[in-house]
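[1] after the sequence you'll find the predicted model.
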Amino acid sequence: MSKFAKKKDGEVPAVSTASLPDIVFMLLFFFMTVTVMKDSSVKVSNELPQANEIKKLEKKDRVITIYVGAPTKEYTKTYGTEPKIQLNDKFANPSEVGDYILMERAKKSQELQNVLTTSLKVDKNANMGLIADIKLELRKVNALKVNYTTYEGDAFKN
Amino acid sequence: MARRAGAPEVSAGSMADIAFLLLIFFLVTTTIETDAGLDRMLPPMEPPTEQDVIVKQKNIFQVSINKSGQLLADGELIQLNQLREKATAFLDNGGAPSGTEDYCKYCKGKRDASSSDSPSKAIISVKSDRETKYSTYITVQNELVGAYNDLRDRESQRLYKKDFTAMEAEYLNPETDKDVKEELKEKVKRIQALFPQKLSEAETSTSN
């Protein structure tokens, strides 16, 4: 019996923290790899609508993003509260969308230029009029593949 | 003085702190991207042609959304949650009589002569107002794509015992093997041909 008798000194042995750095490093590498550094900050309120019949946008290098929404608080003074288009880092008119697409397209490599998708990240409170203007501009420059980017969720909750 | 045996050991105790600091930085800057959505092809800009393409009225399913978000489908005021059912019924109708070239063997609809002839003839047209809310529009688009997906899933189940949406997702996934992709491509194309997605978008109207 005495073989299994525990030492009765009443102290709880300290848990070794030697592997803590390893665990933390593992987490660190995970977050380092999944992080996407944003090259432009979103200046419009951008709450996307929900949909469930969605397709994933693979290959980020083939995507051009256009943001639409009401300017955030710090910009309401200068730009008002009506939904606006944001291209790269600045607000724009619908007529500038075509030029922007052509410019972005020219930046991509030759073989990608025909397979680009335009991702429309539109706030759910925006009006269709603005979207229609954008779509018209996109058609003019022959950027026909669009993706209405949404959150995954119940479409009836919109 | 005692001779040192080697280089003094550097304390690694603060390593965890440094790593935590970096970890928190990346945690804060991480944004999980929402890169999924509804794919749509816009119609190309065509030079105005002299003759209009004539499409029979019964082959068009007209969906209009007004500025307050109400829905008019084929002249009938309906609720958003009825749309999928209506669209499915329209697409799956297969009204062409058997024996004619448009006859649809796989349709399970009512075969109503006053509705669409066959899925390949059926066109859904969406018309929205300039003041329609974007979220309503997305819901409508979602339901229409859902109607197509439901029908494609049905046919896919019948032919390959597999959902079309699952096959398509696998086909589009860049990590899928090439051989598997080739095989899937054929199947996906076949199903798509059975129910080709013909969603047309009319110009938005201005309400007065």
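    Noted; the coordinates are in hand. Numbering: from 1, shown residues only, chains lettered A, B, ... in the order given.
[2] please count neighbours and contacts with C-alpha atoms only from this point.
    Will do.
[3] mind listing what's buried along whichever strand or helix holds residue A:131?
    Using DSSP states H and E, residue A:131 sits in helix A:128-140. Residues of helix A:128-140 classed as buried: A:128, A:129, A:130, A:131, A:132, A:133, A:134, A:135, A:136, A:137, A:138, A:139 (neighbour count, 16 or more other C-alpha atoms under 10 Å in any protein chain shown).
[4] longest helix of chain A?
    If you go by DSSP state H, chain A has its longest helix at helix A:20-34.
[5] actually, chain B.
    Per DSSP H, chain B has its longest helix at helix B:134-160.
[6] and that helix, what other elements does it pack with?
    Helix B:134-160 sits against strand A:50-51, helix B:83-91, helix B:164-172, helix B:178-194, with contacts defined as 3 or more C-alpha pairs under 8 Å, 6 or more residues apart in numbering or on different chains; DSSP states H and E.
[7] if I've got this straight, residue A:96 is in a helix?
    Yes. Applying DSSP: H, G, I helix; E, B strand; the rest coil, one finds residue A:96 inside a helix.
[8] and residue B:77, bridged to which residues?
    residue B:72 (DSSP bridges).
[9] re the thing from before, how far out from the middle of the chain is the longest helix of chain B?
    Chain-centre distance of helix B:134-160: 7 Å, with C-alpha atoms, centre = their mean, to the nearest Å.
[10] cool, stretch B:161-180 as well?
    The chain centroid and the centroid of stretch B:161-180 are separated by 16 Å, computed with C-alpha atoms, centre = their mean.
[11] one more: stretch A:95-112?
    Using C-alpha atoms, centre = their mean, the offset of stretch A:95-112 from its chain centre is 20 Å.
[12] low-confidence ranges, chain A, go.
    A:1-9, A:36-40 (pLDDT under 70).
[13] can you do 80?
    Scanning chain A with the threshold set as pLDDT under 80 gives A:1-11, A:15, A:17-18, A:34-42, A:57-61, A:155-158.
[14] and the helix or strand encompassing residue B:61, what does it pack onto?
    Here residue B:61, judged by DSSP H and E, is contained in strand B:60-65. With contacts defined as 3+ C-alpha pairs under 8 Å, 6+ apart, the packing partners of strand B:60-65 are strand B:71-73, strand B:123-128.
[15] dump those into JSON lines; add distance to residue B:27 as well.
    Output for the helices and strands packed on strand B:60-65, formatted as JSON lines (distance: least, C-alpha to C-alpha, whole Å):
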{"stretch": "strand B:71-73", "distance to residue B:27": "44"}
{"stretch": "strand B:123-128", "distance to residue B:27": "41"}
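[16] re earlier: which other residues reach the longest helix of chain A?
    Helix A:20-34 has contacts (C-alpha atoms under 8 Å, 6 or more residues apart in numbering or on different chains) with B:15, B:16, B:19, B:20, B:22, B:23, B:26, B:27, B:30, B:32.
[17] what about these, which are in helices?
    Those of the contacts of helix A:20-34 lying in helices (DSSP H): B:15, B:16, B:19, B:20, B:22, B:23, B:26, B:27.
[18] for the fourth one, list the residues it contacts.
    Taking C-alpha under 8 Å, 6+ apart as the definition of contact, the neighbours of residue B:20 are A:24, A:28.
[19] check the last one too.
    In this structure, residue B:27 makes contact with residue A:31, judged by C-alpha under 8 Å, 6+ apart.
[20] quick check: residue A:157 vs residue A:149, distance?
    Counting by C-alpha to C-alpha, to the nearest Å, the separation of residue A:157 from residue A:149 is 16 Å.
[21] more neighbours: the two, which one.
    Between residue A:157 and residue A:149, residue A:149 has the larger neighbour count (other C-alpha atoms under 10 Å in any protein chain shown), namely 28 against 11.
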